[in-house]
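Colleague: Okay, here's the prediction I keep looking at, along with the sequence it came from:
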Amino acid sequence: MITTVAAEDGRKLEVLVADDPVGTPLLFHNGLPSAVVPFALLDDAAAANGMYVVTYSRPGYGGSTPWPEAREPVVADDVADTTAILDALGIDEFVTL
């Protein structure tokens, strides 16, 4: 399922949640630059271990709004976006990759 989540600064984040979200969420940070696409190998491995995959398109890719100013993103920028996504999905505990 693809959904959209609002970042704390008003940007939109495109989020992909596994079709059968059962078990522990596995938040997959898919590197820069990238947009969400179904990844059966990861989905199957997660499901086989009692997890389901949640991932998102990085700002400016796929359906996610770009950063408002021209700048180089840093890893720390993921924290606020990750928090917004987890809060919107009601996820309190997760594993990340």
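Modeller: Nice, I can see it.

Colleague: Walking through the protein, point out its helices one by one.
Modeller: In the chain, the helices defined using DSSP state H lie at 40-48, 77-89.

Colleague: Which among those is found nearest to Ala7?
Modeller: helix 77-89 (5.0 Å; CB to CB). C-beta coordinates here come from the backbone N, C-alpha and C atoms, glycine included.

Colleague: now that closest one, how far from the chain's geometric center?
Modeller: 8 Å (CA atoms, centre = their mean, to the nearest Å).

Colleague: What of stretch 28-48?
Modeller: Distance, centroid of stretch 28-48 to centroid of chain: 10 Å (CA atoms, centre = their mean).

Colleague: thinking again about what came up before, could you dump the helices of the chain into TSV and include mean pLDDT, mean neighbour count and distance to Met1?
Modeller: What follows is the helices of the chain, written out as TSV (pLDDT from 0 to 100; neighbours: other CB atoms under 10 Å; distance: least, CB to CB, whole Å):
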stretch	mean pLDDT	mean neighbour count	distance to Met1
helix 40-48	95	13	12
helix 77-89	93	16	10
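
Colleague: so which of these gets nearest Gly60?
Modeller: Here helix 77-89 is closest among the helices of the chain (CB to CB), at 11.7 Å.

Colleague: Quote the end-to-end distance of stretch 45-64.
Modeller: 26 Å (CA to CA, to the nearest Å).

Colleague: Sort out which residues of that stretch are buried, please.
Modeller: By 16 or more other CB atoms under 10 Å, the buried positions in stretch 45-64 come out as 46-47, 51-59, 61-64.

Colleague: So for Asp19, which of the helices of the chain sits nearest?
Modeller: Nearest to Asp19 among these is helix 40-48 (8.1 Å), distances taken as CB to CB.

Colleague: Just the residues contacting the closest one, thanks.
Modeller: 18, 20, 22-23, 26, 28, 52-53 (CB atoms under 8 Å, 6 or more residues apart in numbering).

Colleague: from those, which is closest to Ala76?
Modeller: Closest to Ala76, out of all of the contacts of helix 40-48 and judged by CB to CB, is Phe28, at 18.3 Å.
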